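# kindly generate the corresponding structure for this input.
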Amino acid sequence: MQDMDESKREDLAKKSWKIEEYHRGIKQLCGVEKYQARKEESQRAHIMFSLRAFLRLELQRIETGISWFESTMKIRRGAVTAYLNNPLYTLN
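Below is the predicted model:
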């Protein structure tokens with residue numbers, strides 16, 4: 001590590017930043033930390049579905065250039081609009 005040149009350090013810094021972005025995305029947008037379960041199988045399933053959701057967001061980002069955040073907001077807007085057009089519950 002001490003004999004590493006500056007370009008190698010910069011390359012590693014860029015790679016480590018991508019890892020940080022991945023962790024932030026999977027935690028904030030896919031809810032990987034929000035599930036509380038005691039059984040290992042349930043925990044594993046939640047992590048796998050969160051990872052799958054993240055991979056779909058990443059694939060869409062690559063294909064369309066739309067950020068993870070904007071893709072998530074687009075999904076939420078559509079869900080809210082659909083619910084408001086046909087609500088299950090009404091306040092009377």
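
# can you point me to the longest helix in this structure?
Determined from DSSP state H, the single longest helix within the chain is helix 40-64.

# that one - what's its average pLDDT?
Across helix 40-64, the average pLDDT comes to 91.

# so what does the next helix or strand after it touch, helix or strand wise?
With elements assigned by DSSP states H and E, the helix or strand that comes after helix 40-64 is helix 68-85. Counting contacts by 3 or more Cβ pairs under 8 Å, 6 or more residues apart in numbering; DSSP states H and E, helix 68-85 is packed against helix 40-64. All C-beta spots, glycine's among them, are computed from the backbone N, C-alpha and C.

# what comes up buried for the helix it packs on?
By neighbour count on 16 or more other Cβ atoms under 10 Å, the buried set for helix 40-64 is 46, 50, 53, 54, 57, 60, 61.

# TSV please, covering those residues and showing distance to residue 6.
As requested, these are exported to TSV (distance: Cβ to Cβ, whole Å):
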residue	distance to residue 6
46	42
50	37
53	38
54	33
57	34
60	35
61	30
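
# farthest pair in these?
Greatest spatial distance in the buried residues of helix 40-64: 46 and 61, 22.6 Å, computed using Cβ to Cβ.
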